[in-house]
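1. Quick one, what's the 3D model for this:
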Amino acid sequence: MRTILLIIRKEFSQLRRDPRMLPIIFLSPILQLIILGYAANLDVRDIPTVVCDLDRTASSRDFLSNFFNTGLFTLKANVDTPGDVDAYIEKVSGSLAFIIPRGFGEKVKSGKTAQVQMIVDGSESPSATVGLNSAVMIVAKYSRNILIEKFERFKFLGFRPAAINSEVRVWYNPELLSSKFMVPGILGMLLMVMTMMLTSMGIVKEKEAGTMEQLIVTPIKPYQLVLGKLLPFVFIGLMDVMLTIVVATFWFRIPVKGSVALLFGLSLVFMISTLGLGLFISTISRNQQQAMMTAVFFMMPMVILSGFVFPIENMPKLVQFVTYIVPLRYFFVIIRGLFLKGVGIGVLWDEAVVLLVFGFVILTLSVRRFRKMLA
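-> Presented below is the predicted three-dimensional model:
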């Protein structure tokens, strides 16, 4: 144990002597969390909308007010002809356009079917999907209100419109803020990036400096060297978890509803996998540049396939099957469950067991390869 502690002390001394590493280790996660917490925002608001109202009646103005009173749509411009809409859509200064033909108000008053053309810019599919779905719902509500008004006129004849009242309850994120979904996920992504990158580059740095050969000829045993190399990054990872919790709680107002101790414990289980991958990368890389590129090669698919941004349920069946071998997928379930739902180990035990198995397998294979390299 004394030998392992001496190696750990050497690792921290190397980190302290490198003035570029301390900001990367402690300031970089905070800055990335704040930037990504605001930038990675899936909430669609203020969709720029162009209006071509050829009818110019009270009915057409009342119809359009239903859209701009929601906060989802912002009036970008009023144009005189339908052909003028193209310029706004092509320049991406308008994402959605309404063209109301002449006679719209007369048809509405006479009970005839009135038509409205809606043009959506599909080049930005998230905004287009939200805007289209919201517009369809608003139009349906507007039509329903017209029918209700007509039924009210004939109330004395015994006509009553059938109605269905729905009461919606959104659990865990009542405001449907994407920041509450993204910020806990950023914790998992940062933890993966920091531990994998630091582990792989820290060991490769020994190769470049020529000190790895010196360590090999010493009486230090392979397991002592591995533990001495990995434990400092475990401590750094737990520090980053603590910093992330502080920023999420006091900056974004997203406290951990579950057990903080359980979050630290399961983060440690997750780090077994990332440290193992970092150790494996160090064994196949000759310099820090190769280690960085190889780490990015591993991290990008893990982020994409983990459900961080794209729902796994929407992926093809074959890709969904591949996601089961991505440790980050299970860790996202854990941290979002602890941050938002406040669940405990009784709910998260299966994800924890899978992460533990993954970590044991990955770390064991990486340690065996590392020991073979030392031999």
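2. how far is the one helix or strand S127 maps to from where the chain is centred?
-> According to DSSP states H and E, S127 maps onto helix 125-153. In terms of Cα atoms, centre = their mean, to the nearest Å, the centre of helix 125-153 is set 30 Å apart from its chain centre.
3. repeat for stretch 51-65
-> Mean-position distance between stretch 51-65 and its chain equals 39 Å (Cα atoms, centre = their mean).
4. Just the terminal-to-terminal distance for that stretch.
-> Length of stretch 51-65, first residue to last, Cα to Cα, to the nearest Å: 11 Å.
5. If we go by neighbour counts, what in that stretch is buried?
-> Neighbour counts over stretch 51-65 (16 or more other Cβ atoms under 10 Å) mark 51-53, 55, 57, 59-60, 63-64 as buried. C-beta coordinates here come from the backbone N, C-alpha and C atoms, glycine included.
6. For my notes, please list the residues you listed in JSON lines and give pLDDT and distance to S134 for each entry.
-> Rendered in JSON lines, the data for the buried residues of stretch 51-65 read as follows (pLDDT from 0 to 100; distance: Cβ to Cβ, whole Å):
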{"residue": "V51", "pLDDT": "92", "distance to S134": "16"}
{"residue": "C52", "pLDDT": "93", "distance to S134": "19"}
{"residue": "D53", "pLDDT": "92", "distance to S134": "20"}
{"residue": "D55", "pLDDT": "91", "distance to S134": "22"}
{"residue": "T57", "pLDDT": "90", "distance to S134": "24"}
{"residue": "S59", "pLDDT": "88", "distance to S134": "21"}
{"residue": "S60", "pLDDT": "89", "distance to S134": "19"}
{"residue": "F63", "pLDDT": "89", "distance to S134": "15"}
{"residue": "L64", "pLDDT": "91", "distance to S134": "14"}
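7. Please produce CSV containing those, extended by secondary structure and distance to N173.
-> Listed next are these as CSV, based on DSSP: H, G, I helix; E, B strand; the rest coil; distance: Cβ to Cβ, whole Å:
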residue, secondary structure, distance to N173
V51, strand, 33
C52, strand, 37
D53, strand, 37
D55, coil, 40
T57, coil, 41
S59, helix, 38
S60, helix, 37
F63, helix, 32
L64, helix, 31
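8. what's the most distant pair in those residues?
-> C52 and S59 (15.7 Å; Cβ to Cβ).
9. Tell me which other helices or strands the helix holding S127 touches.
-> Applying 3 or more Cβ pairs under 8 Å, 6 or more residues apart in numbering; DSSP states H and E, we find helix 125-153 packed against strand 47-53, helix 58-68, strand 96-100, strand 117-120.
10. If we use 6 Å, what do you get?
-> helix 58-68, strand 117-120 (3 or more Cβ pairs under 6 Å, 6 or more residues apart in numbering; DSSP states H and E).
11. Shouldn't S123 be within a strand?
-> No - counting by DSSP: H, G, I helix; E, B strand; the rest coil, S123 is not part of a strand but coil.
12. distance of it from I99?
-> S123 is 19 Å from I99, where distance means Cβ to Cβ, to the nearest Å.
13. Looking at those two, which one has more neighbours?
-> Taking other Cβ atoms under 10 Å, S123 and I99 do not tie; I99 has more neighbours (18 against 11).
14. and the residue lying closest to the more buried one once chain neighbours are set aside, how many residues sit next to it?
-> Distance criterion Cβ to Cβ, 6 or more residues apart in numbering; nearest residue to I99, sequence neighbours excluded, is Q117 at 4.1 Å. Residues near Q117, counting by other Cβ under 10 Å, number 12.
15. Dump the buried residues of stretch 51-65 into TSV; add distance to K10 as well.
-> Shown next, in TSV, are these (distance: Cβ to Cβ, whole Å):
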residue	distance to K10
V51	68
C52	71
D53	74
D55	79
T57	81
S59	79
S60	76
F63	73
L64	70
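16. T274 contacts M192, doesn't it?
-> Yes - using Cβ atoms under 6 Å, T274 is in contact with M192, at 5.1 Å.
17. Between those two, which has more neighbouring residues?
-> Higher neighbour count among T274 and M192: T274, with 30 against 26, using other Cβ under 10 Å.
18. Could you check how far that one is from M293?
-> Distance, T274 to M293, by Cβ to Cβ: 17 Å.
19. Then V116?
-> For V116 relative to M293 (Cβ to Cβ), the value is 53 Å.
20. Helices of the stretch 151-300 of the chain, start to end?
-> Per DSSP state H, counting those that start in this stretch, the stretch 151-300 of the chain carries helices over the ranges 178-209, 211-217, 222-250, 260-284, 288-305.
21. With that, I have no additional questions.
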